[in-house]
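Sequence and predicted structure are below.
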Amino acid sequence: MGAGTAFREGIRRVNAAPLVLLGMTGLTLLVAFPLSLALRGMIAAHLGDSLAAGAAAAGTNYDWWQEFLAQASGLGTTFLPSIIGFGAVLDNLGGLLDNLPMATTIAAAVSAWLVLWSFLSGGIMDRFARNRPTRAHGFFAACGTHFWRFVRLGVLALAAYYVLFGFVHGWLLDDAFGRLTRNLTEERLGFLVRLALYAMFGLLLVAVNLVFDYARVRIVVEDRRSAIGAMLAGARFVRRTPGTFYLYLLNGAAFALLVLGYALVSPGAPGAGFWMWMTLALGQAYIVARHYLKLLFYASEIAFFQSALAHASYTAAPAVVWPDSPAAEAILNADTSIGR
Amino acid sequence: MSRQPPTTAAPAVSSSQGAVQARSPRNANYTITARLDPASRTLKGDALITWRNIAPIPATSLRFHLYYNAWRNTRSSWMRERLLAGNRDLAERPPDDWGWIDITSIRAIGAGGAPADLTSRLRFIAPDDGNADDRTLVDVPLDSPVKPGDTINVQVAWSSLVPRTFARTGTIGDFYFMAQWFPKIGVLEEQGWNAHQFHSATEFFSDFGVYDVRLTVPNAWTVGASGVERGRRDEGDGTTTHHYHAEDVHDFAWTTSPDYLERTAVFEHPTLPRVAMRLLLQPEHGGQADRHFDATRAALKYYGEWYGPYPYPNITIVDPAWQSGAGGMEYPTLFTAGTRWIAPRRVAQPESVTVHEAGHQFWYGVVATNEFEHAWMDEGLNTFSTARTLEQVFNPHFYARRYFGGFVPWVFEDLPLSRATDGNRLSGYRPAARSDAQSTHTWRYWPGTASAISYNKTALWLHTLERLLGWDVLQRIMSTYYTRWAFKHPKPEDFFAIVNEVAGRDMAWFFDQVHRRAYAFDYGVASFRSERPAARGYFGDGDKRTFSAAEAGQDYVTTVVVRRHAEGVFPVDIRVMFANREEVRWRWDGRDTWKLFEVTKPVRAVSVEVDPERVLLLDVNYTNNSMTLEPRTRAAARKWSLAWLIWLQDQLLTYGFFI
């Protein structure tokens, strides 16, 4: 199976599991919404019964916004003008690529979300690997089965990403960029240098990301228990199979298209009535699409890996058996003792 | 006490194309020859300084600024102050970045007598902070004092190493911007020399004169400088000497680079003098020439119409090289702007900085205030004027952020920037409202807040004055001040005196608060009710006295309690709006810490505002200035928290990249 076929197969598998998409979107909402409620309280408290609220509801009230930020702390400091429309996407992508510090509250939310997603990703990948509904018991059994393996793999991934963002990013985009552009007097050349360095860092990042992606795939598909073994196996597979990179590019292109599309249609800050709900709906559609692409990454990589083995849709992992209830086990044990 | 203009005052501002009668005292005149060697990054110069003592006291010594020595090492006062303000990177700069200036010889040339060599008498002084390591100010004792009205000729030779740009002067690659590059004589006043060391938060102060300057640079390098070019001579050794002449200016800056694109245009106006504009542009900004010219035109037009004409025949706009750090600075008849390779038209860059620096030709160039001590007098007046000009011609313009290393801008068209708050920079002023009284000498400000007090606060209080007195009155104040103090050195009291004179009222109460004290202003609504009051209790007299249960009256009683939350006192209006769109206004002198207002009407009130026209732009919290009985708080909070929700969801998914 080539990268294109795997990509199409991934689409088919994600389309066949709408509940997974719905569930993961719901999870993200579940993590984000309480914080949104907290921010809502802060905004309401600052606006009080003032007329500024009317202006803020009808459109934007930049004067009020700056006053709010002047007194904000914690979560409130993240309520910046850059959250409007496509600015939000640029803000987040820019923050990641430039390795900008994150507010503590947001870092905690991101960490919690990553842990939850890690837990659920075992079930998701198992579902995509089996290419058939696994039902709730099968899904969560797979989550439990793979979670600690993923945690061990996550520790290795954390170390790798720490090196990348803690050292390599600084070497490339601070030190090397500073040295290479120190005597440049043309901004466009400086930008080209930065793009080249982004590309270098991006390649390293993609390489590491690919290894850990296929390590996860091999844990699920091949029922591997060793995180180190899975990581080495993932690295071998990536090294031997250029298609992994092409598939990654296809997935990356899909993401780029989505971002571009959102840039074109993302609304600004309309009034608080009908158009606010429309803006929310459009924003949520974009968020659902991002979840879809995230799942597509998993599904297409699994399909690609499976196709590279002996036969299509191969999975060596046995179906996970949901344990019997404690009562059933007690009865079974009792029967056994009787038999003795 | 108000200071009157000096009696040596020159004629009022007049336009000219050629030689004109002196418009300034012209008491500090320089004839300079200088040669730049880009290979060694050195400059050698020789200056004949003809200085006339216009102070009422004799000069027993001369004082010269040697600004380049601020970047000689980390022990200079400039560097110490920058480090104090947290600019630690400065101390880490590589050896090639640093620079210095040495006077190699100084001689006094008397009438008919032999030149007296004063070189051995040079001594560095530090009158501001006693820093023995600071070499930015030098004192040269004289054999005999220069009496009031007398003139002395001084021949100075110097050499310097041009630094990698610090404080907007220096070099990067083949780009040179040469400011504060020669030994500059201080200003003698009746109290003695007004010559400060170079400080990190302040700029400059010097007397007017005529500059005749010959600059030798490599062939084919473009030169731009203060004044007008009078000629060029090929030296036959691969260099060319450019001859520039500037009259009635108090500084001279120049730039050279082989890379400049040169563009020219003309400013023409029915009632203002014609001005030749020359733009030295970076090649990568070739498409932005018109934006620079339009912005300069806007400054010359509006400042000219509001305050008085630009008095020089030409102006040079310099677009500095990327990373040069030379952008956004004013010099007589020449200024540096600053733009980006990607510069969306809906964002006022380069317009804002261009208008601002062109505007400094008026507030700094012509009205030459002491930037060491009263930076607000040029920066503040100019920030106010910049915002007013941008409102006329670049409206609307929008908030933008830059991403990906600062290279990629994104314009937020939902966020138009307003003159009153964004142009006058209220958000920057807010945290610095109580940091230093503006009357403190600028070089003594805490470095981190100097800009907010000089630029932002002044612009805000000037705009407040505009709203209080009316633009026609403020415009007359500013134009009177410009005309009366052109080519002189006014002090704060001179400006305040003109305000009182033109406004016809004593505004000391205002300047006491905004200038002489570090007061913050904050008025707010503490409570607001509008209801039919229920009466309950005994009513009537004698036999007719009966107990009455709660009964609502027919009319609505509206009560408003307003508060003064900060020290600043300012008269404000209180406006109550009623359901039938009727309004009631009260005037409050704002002195008490709180005040109750009450009105009875047959209709219910819906909202109240303190200072509804936002006259007091210095109010640091305007959100608390209003209250409504029909708040849209929930709708606003819901809308913005949901917008933020999408941002957060996207953030989570962005970091989902890792799993």
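Structure received.

which parts of the stretch 401-550 of chain B sit against chain A?
Residues of the stretch 401-550 of chain B lying near chain A by Cβ under 8 Å from any Cβ of the partner chain: B:401, B:403-405, B:407-408, B:410, B:412-418, B:421-422, B:426-427, B:430-431, B:528. For the C-beta atoms, the positions are set from N, CA and C on the backbone; glycine is no exception.

From the residues you listed, which land in helices?
B:426-427 (DSSP state H).

Report the outermost residue of chain B with respect to its centre.
The C-alpha centroid of chain B is most remote from residue B:543, which lies 76.9 Å away (Cα atoms, centre = their mean).

what's the distance between that residue and residue B:99?
101 Å (Cβ to Cβ, to the nearest Å).

follow-up on the earlier one: buried only: go through the residues of the stretch 401-550 of chain B next to chain A for me.
B:401, B:403, B:405, B:407, B:410, B:412, B:414-418, B:421-422, B:426-427, B:430, B:528 (16 or more other Cβ atoms under 10 Å in any protein chain shown).

mind listing which of these are in strands?
Within those, residues falling in strands by DSSP state E are B:401, B:403, B:410, B:412, B:414-416, B:528.

how about residue B:415, what does it touch?
A:60, A:62, A:81, A:84, B:398-399 (Cβ atoms under 8 Å, 6 or more residues apart in numbering or on different chains).

Find the residue closest to it in space, skipping its chain neighbours.
residue B:399 (3.8 Å; Cβ to Cβ, 6 or more residues apart in numbering or on different chains).

helices or strands next to the helix or strand containing the one you found in the packing?
Taking DSSP states H and E as the criterion, residue B:399 maps to strand B:398-403. Under the contact criterion of 3 or more Cβ pairs under 8 Å, 6 or more residues apart in numbering or on different chains; DSSP states H and E, strand B:398-403 touches helix A:87-97, strand B:408-416.

Could you dump these into JSON lines with distance to residue B:456 added?
Below are the helices and strands packed on strand B:398-403 laid out as JSON lines (distance: least, Cβ to Cβ, whole Å):
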{"stretch": "helix A:87-97", "distance to residue B:456": "25"}
{"stretch": "strand B:408-416", "distance to residue B:456": "19"}
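
Which one of these lies nearest to residue B:342?
Closest approach to residue B:342 among the helices and strands packed on strand B:398-403 (Cβ to Cβ): strand B:408-416, 5.8 Å.

quick revisit: farthest-apart pair in the ones in strands among the buried ones among the residues of the stretch 401-550 of chain B next to chain A, please.
B:403 and B:528 (43.0 Å).

For chain A, tell me whether the helix or strand hosting residue B:563 is touching it.
Here residue B:563 sits within strand B:556-564, counting by DSSP H and E. No: on the criterion Cβ under 8 Å from any Cβ, strand B:556-564 is out of touch with chain A, staying 12.7 Å away.

now for that strand, which elements pack on it?
Taking 3+ Cβ pairs under 8 Å, 6+ apart as the contact cut, strand B:556-564 packs with strand B:523-531, strand B:572-578, strand B:594-601, strand B:605-610.

is it true that residue A:25 lies in a helix?
Yes: counting by DSSP: H, G, I helix; E, B strand; the rest coil, one finds residue A:25 located in a helix.

List the contacts of the closest residue to it other than its chain neighbours.
Spatial nearest neighbour of residue A:25, excluding adjacent residues (Cβ to Cβ, 6+ apart): residue A:291 at 4.9 Å. Neighbour list for residue A:291: A:21, A:24-25, A:28, B:653 [criterion: Cβ under 8 Å, 6+ apart].

change it to 10 Å
A:14, A:20-28, B:649, B:653, B:656 (Cβ atoms under 10 Å, 6 or more residues apart in numbering or on different chains).

Tell me if it really is in a helix.
Yes: residue state for residue A:291 (three-state DSSP) corresponds to a helix.

mind checking how far it is from residue B:650?
With Cβ to Cβ as the criterion, residue A:291 and residue B:650 are 11 Å apart.

Helices of the chain, start to end?
Picking chain A for this. According to DSSP H, the helices that chain A contains are A:3-15, A:18-47, A:52-58, A:62-71, A:87-97, A:104-130, A:135-163, A:169, A:177-181, A:187-221, A:227-240, A:243-265, A:274-308, A:326-339.

actually chain B
So, for chain B - with DSSP H - the helices run B:77-84, B:289-306, B:351-359, B:381-393, B:426-429, B:450-451, B:458-469, B:471-484, B:492-503, B:508-514, B:633-655.

so of the ones you listed, which one's packed in deepest?
helix B:351-359 (a mean of 27; mean count of other Cβ atoms under 10 Å in any protein chain shown).

Report the mean confidence score over that helix.
In this model, helix B:351-359 has a mean pLDDT of 98.

what packs against it?
Identification of packing neighbours for helix B:351-359 by 3 or more Cβ pairs under 10 Å, 6 or more residues apart in numbering or on different chains; DSSP states H and E yields helix B:289-306, strand B:314-318, strand B:329-331, strand B:334-336, helix B:381-393.
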